[in-house]
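**Q** Build me a model from this:
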Amino acid sequence: MDKDTYAVALRNALTEIRNICPDISCSFVFTKEGMVIAGDEHSAEVSVEKTVGSFQGLMEKAVAIGGLHTLMVNGSKGKVHISSIDDMYLAIAASKNADMAYIHSIVNVIVPTVLKILKTVVPTPPKMAPSQQLIVESLSGFFVGDAVQVDEEVLRQWSKDLKGKGVGEVEVEAFGGRVVRCKVKAIGDSNYKGKGLVRVPEKVAKELEVKEGELVRIKPVEP
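**A** Numbering: from 1, shown residues only. Here you go, the predicted structure:
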């Protein structure tokens, strides 16, 4: 079973869980590195990447207290439950009056069982290249082209995660929700290396509606 089949099987399971429990508005599974593996059919309607990015920020701050394993948010319009399952995280958004006993059974029994069954077919979850949160640096000039630029180390890590495949394209997502697919290459100017930047041509920045200094999430498009 390849990673696409794995993701589809997990997506179908999450969708069926939502059908059984209408109080769940959406659910998805992501890795510690921030890579979304699968979500139910309604997860496409929410800003999943933004949610994952916010949770990663909390995880980094929680290192000093032993890490963050479960997060429960009670809002005026609903609830969000994020919990660790093995080496991944399950996120569930539900209505304000959702039965939390049932949510806990999904988190502690149903989804872990589904993942266990999948692991009997796939020894480990499929390896996927994680996304990166980088700071926008404007790239202007007549010959800049339409490719974004990232550190060469980022490209090497992505290639390693993708079993040696070279990365020529990426998806760049602004936290406002806009996504642009474009070419990518290594930063050539030494003044911008190693600073957690993504150099973005003005044309691409306008499409994303981002400004210099803002954060974007960038992930490779597998060849």
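
**Q** I'd guess E207 is in a helix, am I close?
**A** Yes. According to DSSP: H, G, I helix; E, B strand; the rest coil, E207 belongs to a helix.

**Q** ok, now how distant is it from R181?
**A** 10 Å (CB to CB, to the nearest Å). For the C-beta atoms, the positions are set from N, CA and C on the backbone; glycine is no exception.

**Q** Relative to K77, how far out is I218?
**A** I218 is 30 Å from K77, by CB to CB.

**Q** Looking only at neighbour counts, state which of those two leads.
**A** Using other CB atoms under 10 Å, the more surrounded residue of I218 and K77 is I218, with 20 against 7.

**Q** mind checking how far the more buried one is from I92?
**A** 26 Å.

**Q** E207 and R181: which is more packed in?
**A** Remark: of E207 and R181, E207 carries more neighbours, 17 against 10, as counted by other CB under 10 Å.

**Q** which residue sits closest to the more buried one in space, ignoring its chain neighbours?
**A** Nearest residue to E207 in three dimensions, chain neighbours excluded: V180, at 5.0 Å (CB to CB, 6 or more residues apart in numbering).

**Q** May I have the residues that are in contact with S27?
**A** L14, I17, R18, G39, D40, S43, L90, A91, I92, A93 (CB atoms under 8 Å, 6 or more residues apart in numbering).

**Q** 10 Å instead, please
**A** 11, 13-15, 17-18, 21, 38-40, 42-43, 81, 90-94, 103, 106-107, 111 (CB atoms under 10 Å, 6 or more residues apart in numbering).

**Q** do Y102 as well
**A** I17, I20, C21, D23, I24, A94, I110.

**Q** any idea how this structure splits into domains?
**A** 3-121, 132-220 (automatic domain parsing).

**Q** Tabulate those (CSV), appending mean pLDDT.
**A** Shown next, in CSV, are the domains of the chain (pLDDT from 0 to 100):
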stretch, mean pLDDT
domain 3-121, 78
domain 132-220, 87
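
**Q** dump the residue contacts of the nearest residue to I187 once chain neighbours are set aside.
**A** Counting by CB to CB, 6+ apart, I187 lies nearest to Q149, which is 4.6 Å off, once chain neighbours are set aside. Listed by CB under 10 Å, 6+ apart, the contact set of Q149 reads 137, 139, 155, 183-189, 192-193, 197-201.

**Q** Apply the buried test to those and list what passes.
**A** E137, L139, L155, V184, I187, Y192, L197, V198, R199, V200, P201 (16 or more other CB atoms under 10 Å).
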